[in-house]
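S.K.: Kindly return the folded structure for what I paste below:
(one chain, ligands or ions: 1)
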Amino acid sequence: MDSIKGRVAFVTGGASGIGLGITHALLGAGAQVVIADLRADHLEAALAALAQRGQAGNVHGIRLDVTDRAAMAAAAEEAERLFGRVHILVNNAGVGIQGPLKGITYEDWDFGLAVNLGGVINGLQTFLPRIRAHGEGGHIVNTSSLSALVPMPAQFAVYTAAKAAVIAISENIRGELAQEHIGVTVLCPGPVRTNIHEVGRNRPERFGAGAAFKAVQEGAVPVPFPAQMEPDQVGELVLDAIRRDQLYVITHGEWRAAAEQRHAAQVAAMPTKLDPALVSWLQSRPAAAAKKD
Ligand SMILES: NC(=O)c1ccc[n+]([C@@H]2O[C@H](COP(=O)([O-])OP(=O)(O)OC[C@H]3O[C@@H](n4cnc5c(N)ncnc54)[C@H](O)[C@@H]3O)[C@@H](O)[C@H]2O)c1
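M.R.: Numbers count the residues shown, from 1 in each chain. As a prediction, the model looks like this:
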């Protein structure tokens, strides 16, 4: 997407951390932004700070739980009523659910997958028909995590299940949406200075925000990162990726060796004895093989 000026963006989890960093970058490039967020306190603080930056007229806040499909549709209507056609969807809302697998309940799985994966699915299902309908093109940004690409020293079974799926979805839809002039970016952040640790405050009652969950979170071993990137830096990387229609934004190079090791181990696990029929079929489809970027 060459020009961001005058475009409308909808950013979930946009009132804190990385979502707010992306919002800053989009506003700086001349977009109007709807920030949709579960937390009233985050929305209030973000909107006040954005007003101080002189952006009150270009930003609108909506209280939204991304797991609520009807509310997502209503939020899309509200965004269009206020700012007009939405071009950029940033499926960013997420919760840093972690803890020892031993204590994890079905409710933990339901919560982690509903927000971190279901939120992305709901965003796509709600906004893609609207972006297609106006025909002016658009861009989708889905927030995954570096922890879905390389092993992290964290108890992240639920989290990485969702985040790996977000990468897979993004890679998979990119070719199809390119034909409709809709770009796709998947953001895989490493450590970023945000409020991600407040997962307990972001868990709706219906997902059992009770003692079992608290025990799991308290048993979680936080990763002792010695440095964290600032959310505004991530926002600028995402803005650049939207402009250049870049599939991957991976914020940290420090895990390059780990990524290479994982990839090498997967390639090493592949048999070297090949079926010629499959080989020639694959060779006849170079475009399909190259589509992933
Ligand atoms: N901070 C990191 O180091 C890091 C690393 C990798 C990936 N991520 C991902 O980045 C994204 C943003 O997280 P962050 O680190 O900025 O954390 P954050 O907590 O600062 O921001 C997340 C925002 O999402 C909102 N939110 C939570 N549940 C929601 C829901 N159901 N509906 C709508 N909004 C909801 C929260 O209120 C919050 O404002 C997440 O998807 C997270 O998994 C973060």
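
S.K.: ok, the nearest residue to residue 103 once chain neighbours are set aside - contacts?
M.R.: Computed as Cβ to Cβ, 6 or more residues apart in numbering, the closest residue to residue 103 that is not its neighbour in sequence is residue 216, at 4.6 Å. Where you see a C-beta, it was placed from the backbone N, CA and C, and this is true even at glycine. Contact partners of residue 216, counting by Cβ atoms under 8 Å, 6 or more residues apart in numbering, are 99, 100, 103, 104, 105, 108.

S.K.: Next, work out how far apart residue 216 and residue 108 are.
M.R.: Distance from residue 216 to residue 108, counting by Cβ to Cβ, to the nearest Å: 6 Å.

S.K.: Quick check: neighbours shared by these two?
M.R.: Common neighbours of residue 216 and residue 108 (Cβ under 8 Å, 6+ apart) are residue 99.

S.K.: remind me which residues of the chain are low pLDDT?
M.R.: 286-293 (pLDDT under 70).

S.K.: Quick check: residues of it near the ligand?
M.R.: Near the ligand, the residues belonging to the chain are 12-13, 15-19, 37-39, 42, 64-67, 92-96, 115, 143, 145, 189, 191-192, 194-196, 198, 202 when assessed by Cβ under 6 Å from any ligand atom.

S.K.: for the residue nearest the centre of the chain, which residues make a bridge with it?
M.R.: Geometric centre of the chain, nearest residue: residue 143, 1.6 Å, by Cα atoms, centre = their mean. In this entry, residue 143 is beta-bridged to residue 187, by DSSP bridges.

S.K.: Show the backbone phi and psi for residue 140.
M.R.: Here is the backbone geometry of residue 140 (degrees, to the nearest 10): phi -110, psi 130.
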